[in-house]
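*Asks:* Starting from these lines, generate the structure:
(one chain, ligands or ions: 2)
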Amino acid sequence: MTVAIIGAGVMGETLLSGLVRSGRRPAELLVGEKRRDRAAELEERYGVEVVSNVDAAGRADTLVLVVKPQDMGEVLDELAPVVRPGQLVVSLAAGITTAFLEARLPEGTAVVRVMPNTPALVDEGMAAISRGSHCDEAHLLEAESLMASTGKVIRVPEKQQDAVTAISGSGPGYIFFVVESMIEAGVHLGLPRSTATELVVQTVIGSATLIRDTGEHPVVLRERVTSPGGTTAAALRQLEEHKVRAAFLVAIEAARDRSRALAEGMD
Ligand SMILES: NC(=O)C1=CN([C@@H]2O[C@H](COP(=O)(O)OP(=O)(O)OC[C@H]3O[C@@H](n4cnc5c(N)ncnc54)[C@H](O)[C@@H]3O)[C@@H](O)[C@H]2O)C=CC1
Ligand SMILES: O=C(O)[C@@H]1CCC=N1
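*Replies:* Ligands and ions are numbered 1, 2, ... in the order given. Sure, this is the predicted structure:
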């Protein structure tokens with residue numbers, strides 16, 4: 001079973017590294033990457049063969065498309081003449097629908113749309129997958145197995161993918177923004193930057209593990225931290241007064257809308 005990754009930037013390399021970590025042999029992996037220097041880097045780092053997109057499509061059983069949404073039309077035009085019946089095409093691009101892919105590939109091509117995220121690099125990824133109209137259970141299992149090499153995978157109806165993109169696809173960006181802001185706040189309070197960073201990072205890991213392992217509602221966990229008349233209450237009041245909750249709602253709606261717009265080919 002040969003898998004070709006077309007577009008090995010941040011997310012393409014993340015998947016490639018996960019496949020290697022999970023035991024796929026470099027000989028079963030191919031990469032199509034436009035930038036020559038990047039291609040050389042990946043050959044060196046993973047011992048994989050970097051070939052043209054057309055060669056990759058000719059040799060692989062599964063093609064994973066990890067180019068920017070804006071480049072997807074061009075890549076599909078290149079691949080369509082060489083995609084064979086029985087091959088699976090998996091897209092990791094934000095906004096790109098299975099209908100868009102199917103319209104540009106030979107009639108009957110099995111496609112799966114995936115929304116991954118970058119914690120996949122440390123095997124803590126969250127991926128959501130949706131089937132195209134010519135996709136059977138075996139295709140979904142194959143896509144699940146690819147993504148399971150880097151973390152958790154769920155199946156969602158495709159109509160939820162723009163919301164998924166806004167929550168878990170872009171989500172790490174919001175968390176890093178919060179982390180960055182808390183570190184900065186610690187520095188303002190006079191803590192050395194290294195101390196502030198260690199405190200914030202472990203607090204985020206601890207809080208994430210607590211919510212996952214206890215299954216408790218976040219409100220319950222938050223209430224346990226919030227002693228009456230105490231420090232947390234003082235801080236949370238400021239977050240509410242500065243409308244941080246409302247900001248998250250509009251920010252995540254903007255990400256959802258952007259995902260929809262990408263589908264319409266806007267840039
Ligand atoms: N970075 C992230 O957190 C996430 C990214 N994605 C999706 O992954 C896709 C890639 O995103 P990134 O990796 O962040 O972008 P990137 O810009 O780092 O990677 C894209 C790669 O595709 C290559 N490329 C462009 N045209 C090509 C072509 N015709 N043939 C072969 N290679 C070509 C580029 O040289 C580049 O290395 C996007 O569609 C994005 O929506 C999805 C979820 C999360
Ligand atoms: O920002 C983006 O468009 C991509 C998709 C989800 C995360 N990064």
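*Asks:* Name whatever forms a beta bridge with the residue lying closest to Glu124 once chain neighbours are set aside.
*Replies:* Counting by C-beta to C-beta, 6 or more residues apart in numbering, Glu124 lies nearest to Gly151, which is 5.3 Å off, once chain neighbours are set aside. All C-beta atoms are positioned from the backbone trio N, CA, C, and that covers glycine. Bridge pairing for Gly151 (DSSP bridges) gives the partners Gly125.
*Asks:* thinking Gly151 is in contact with Ala127, fair?
*Replies:* Yes: contact status for Gly151 versus Ala127: in contact at 6.7 Å, counting by C-beta atoms under 8 Å.
*Asks:* list residues touching both of the two?
*Replies:* Ala120 (C-beta atoms under 8 Å, 6 or more residues apart in numbering).
*Asks:* who's more crowded, those two?
*Replies:* Applying other C-beta atoms under 10 Å to Gly151 and Ala127 shows that Ala127 carries more neighbours, namely 24 against 18.
*Asks:* which residues does the residue in the chain that ligand 1 sits nearest to contact?
*Replies:* Per C-beta to the nearest ligand atom, Gly9 is where the chain lies closest to ligand 1, at 1.8 Å. Residues in contact with Gly9 (C-beta under 8 Å, 6+ apart) are 38, 66-67.
*Asks:* contacting residues around the top helix by length along the chain?
*Replies:* When the chain is parsed with DSSP state H, its longest helix is helix 193-214. With contacts defined as C-beta under 8 Å, 6+ apart, helix 193-214 is touched by 175, 178-179, 182-183, 185-187, 191, 216, 218, 221.
*Asks:* From the residues you listed, pick the one nearest ligand 2.
*Replies:* Ligand 2 lies nearest to Ile175 out of the contacts of helix 193-214, by C-beta to the nearest ligand atom, at 12.3 Å.
*Asks:* contacting residues around that closest one?
*Replies:* Counted by C-beta under 8 Å, 6+ apart, Ile175 has contacts Val204.
*Asks:* any idea of the pLDDT on it?
*Replies:* As summarised for this prediction, Ile175 has a pLDDT of 98.
*Asks:* Check Val48 too.
*Replies:* Here the pLDDT value assigned to Val48 is 97.
*Asks:* same thing with the one 5 residues further on?
*Replies:* In this model, Asn53 is scored at 97, pLDDT.
*Asks:* these two touch, right, it and Ile6?
*Replies:* Yes: Asn53 lies in contact with Ile6 (C-beta under 8 Å); the separation is 5.5 Å.
*Asks:* quick one: common contacting residues for those two?
*Replies:* 32, 75, 79.
*Asks:* need the contact list for the first one.
*Replies:* Taking C-beta under 8 Å, 6+ apart as the definition of contact, the neighbours of Gly32 are 4-8, 50-53, 55-56.
*Asks:* Can you name the residues of the stretch 151-267 of the chain sitting close to ligand 2?
*Replies:* 165, 169-170 (C-beta under 6 Å from any ligand atom).
*Asks:* and the residue of the stretch 101-250 of the chain found nearest ligand 2, what is it in contact with?
*Replies:* Here the stretch 101-250 of the chain gets closest to ligand 2 at one residue, Gly169, 3.3 Å apart by C-beta to the nearest ligand atom. Counting by C-beta under 8 Å, 6+ apart, Gly169 makes contact with 94, 115-117, 259.
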